[in-house]
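Undergrad: Pasting the sequence and the predicted model now:
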Amino acid sequence: MSGEAQERVGVYVCHCGGNISDVVDVKQVAERVGRLPGVVVARTHMFMCSDPGQQLIQEDIRDQGLTRVVVASCSPRLHEQTFRRALERAGLNPYLYEHANIREQVSWVTHAHPAEATDKATLLVAAAVAKARELRPLEPIKVESRRRAAVIGGGISGLKCARDLAAMGIGVTLVERSPFLGGHVVELDRVYPTEEEAKSLLEPLIREVTGDPRIEVLTNAEVIEAEGYVGDFRLKVRVRSKGMAEGPDRLEVQAGVVVVATGFEHYEPAVGEFGYGEMPEVVTLPQLIRAMAKARAGRSESQAGMAPIASQEGEDSSGTPLSTSPDGALLWNGRTVRSIAMIHCVGSRQIEGIHQAKEGEQLHEYCSRVCCTATLQAANEIRDLFPGVNIFDFYRDIRTYGRGHEEYYEDAGRKGVLFFRYAPEEPPVVERPPDGAAHALVIRVKDRLTWGEEVEVPVDLVVLSVGMVPRPVGDLVGMFKLPVGSDGFLLEVHPKLRPVEVAVNGVLIAGTAQGPKDITESAAAASAAAAKAATILSRGYVELDPFVAEVDPDRCNGCGECVGVCSYQGALTMMGEGPVAWVNPALCKGCGACAAVCPTEAIELNGWTLRQFDAMVDALCNDDLVAEAAG
């Protein structure tokens, strides 16, 4: 019997605070679809996702006896779950709901043609109503979950996540590829904005993690295989050294959730980029920071009557590139440093047509966020330690966005750091001066602060403020089918509503694996991932949406074509004497590829059946629908 005659559909069209109603005549849409078969109520509201908007839906379900609900608003990625929960609170099955996107798909892309936008919105809502009449109640899939987490990555985010999980009574296996824990924080001396020593933050955290019996730490280890699903992941881990963990070279880790906290890499400038790799006086900011930590120690020991100590990296035949002389002067390769140039946005905010991507990489168009403050922190430290050294700061824009970060910029100005602003199409040029010059290098640039005046600055050292780039994790992306953003970092479901979740159930991300962050933000993301993981594991089972394939065994002829096109290992198998196709609902992602190739139409996708598709297409293809609905 057709759903059209028996279902009572409620339709709710959202103004979205003007995002939709400034273009689409939402009242007219509601009036038109209100005349469609099965629709018993059609309303509008300024914000359907608000508490009053949800309350309106719930009251109509109870008072009007609604059996189906359609909401026309923004992307379902934002609030589909919001409205499903509203139905559930009113006692209606949450899967008797259909969403129509008339913001991204209508008002935002048809804003210059309001009449046509209104007609288009009407058709989309009519199609949603047609599908809603064919919906049937569904139940979530319950999957048992292991109360254990696997954390991939032993940097600040991985350590913080592991500690938080253990504090909630959840067992953790921490897998770190390198021999050491701590990630890039190990390379730092002091951290902004507190100016604490990095080791004072890191060492207690490492002690807590390695000393907690609920946490298993595997260093020199990497995940080489992964299978399973939320609640029951099985990871094959290869341990390259038995120094930290006795046992076989390969072991299996079982976990209910996986947290990917693989971190980032510093951008490595191309040879010749600002003279890098060709002139030993051109270094990156991370290299300078490591060298400054040693120089700071050397200065303290020199003042105490001890020999100065300097950097361990890039050492020349004399033993060190950066050092201090007996009279306290800063030296680079034994040469006095009287002036330093610091160049921002190296490897960040790259522009197509201006910058050239390194071989095997894409342009890094994003802002790395932390570089400006880190550069200013280093400039201030040099001025404090070596007041005789002049600092010249060459920047495109300075972005000190965090609390207390702007003070670094203000302090730098007070301490005599000179700023020059350059255009991206006219970056600073680093050159060798003529023989006999007093300085090792010269910087030439057009200064936008002085209306394009050409400036020539002699310097002894050039520091490139390099950005963050994604760490190569293609193996993990392939194993877990992780989504990757256009910037190359792992992509969350939604930056505000689901900031540490990816589209793969049970896999979470934390820290700089998903984009540039400072230590504070990375630690916060780690705690958020731990909290989400604990929520998933707290009940001993996980509920998944039921939008998965379902096989009618009476119609299946056992051809196996569905298995051949399935992209998810273990989601579809052939079983029995027949045999017939069998779906593992925990592994099925509801892509529909199997239903498309089944010659006997034995496979349907719950929530997206062929009958539902037919109903939507019929509604969209009815050329007279708008006119008929308008009366």
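TA: Done, it's in.

Undergrad: Which pLDDT value goes with Ala630?
TA: Per-residue pLDDT puts Ala630 at 47.

Undergrad: how far away is the spatially most distant residue from the centre of the chain from Val463?
TA: In the chain, counting by CA atoms, centre = their mean, Gly436 sits farthest out from the average C-alpha position, at 51.0 Å. Gly436 is 25 Å from Val463, where distance means CB to CB, to the nearest Å. Heads up, the C-betas are built off the backbone N, CA and C, glycines and all.

Undergrad: repeat for Ile156
TA: Per CB to CB, Ile156 is found 24 Å from Val463.

Undergrad: So which of the two has more stuff around it?
TA: Ile156 (30 against 27; other CB atoms under 10 Å).

Undergrad: List the residues that contact that one.
TA: Gly182, Gly183, Val185, Leu202, Leu205, Gly511, Ile519, Ser522, Ala523, Ala526 (CB atoms under 8 Å, 6 or more residues apart in numbering).

Undergrad: thinking again about what came up before, tell me the secondary structure at the residue farthest from the centre of the chain.
TA: Three-state assignment for Gly436 (DSSP: H, G, I helix; E, B strand; the rest coil): coil.

Undergrad: Among the contacts of Ile156, which one sits closest to Cys372?
TA: Nearest to Cys372 among the contacts of Ile156: Ile519, at 15.5 Å, using CB to CB.

Undergrad: Hmm, Val185 and that closest one touching each other?
TA: Yes. Ile519 lies in contact with Val185 (CB atoms under 8 Å); the separation is 6.5 Å.

Undergrad: Find residues that contact each of these two.
TA: With CB under 8 Å, 6+ apart as the test, Ile519 and Val185 both reach Ile156, Val191, Leu201.

Undergrad: nearest to Glu601, of those?
TA: For those, the nearest to Glu601 is Ile156 (52.6 Å; CB to CB).

Undergrad: if you count what's nearby, which of Ile519 and Val185 comes out ahead?
TA: Ile519 (23 against 20).

Undergrad: what's the pLDDT at the more buried one?
TA: 96.

Undergrad: What distance do you get for it to Ile509?
TA: Counting by CB to CB - Ile519 and Ile509 are separated by 17 Å.

Undergrad: Cys16 too?
TA: Cys16 is 29 Å from Ile509, by CB to CB.

Undergrad: tell me the contacts of Pro428?
TA: So Pro428 contacts Phe274, Ala341, Ile343, Phe394, Phe420, Tyr422, Ile443, Arg444, Val445 (CB under 8 Å, 6+ apart).

Undergrad: which regions of this structure sit below the pLDDT cut-off?
TA: Applying pLDDT under 70 to the chain picks out residues 1-5, 241-246, 248, 295-320, 623-631.

Undergrad: show me where the stretch 501-631 of the chain has strands.
TA: Along the stretch 501-631 of the chain, the segments classed as strands by DSSP state E, counting those that start in this stretch run 507-509, 541-544, 549-551, 572-575, 580-583, 603-605.

Undergrad: Just the ones in helices from the shared contacts of Ile519 and Val185, please.
TA: Ile156, Leu201 (DSSP state H).

Undergrad: Show me how this protein divides into domains.
TA: Listed by automatic domain parsing, the domain ranges of the chain are 3-138, 148-263+471-542, 273-465, 546-606.

Undergrad: Phe613 is nearest to which of those domains?
TA: Per CB to CB, nearest to Phe613 of the domains of the chain: domain 3-138, 8.0 Å.

Undergrad: Any idea how many residues pack against Met574?
TA: 15.
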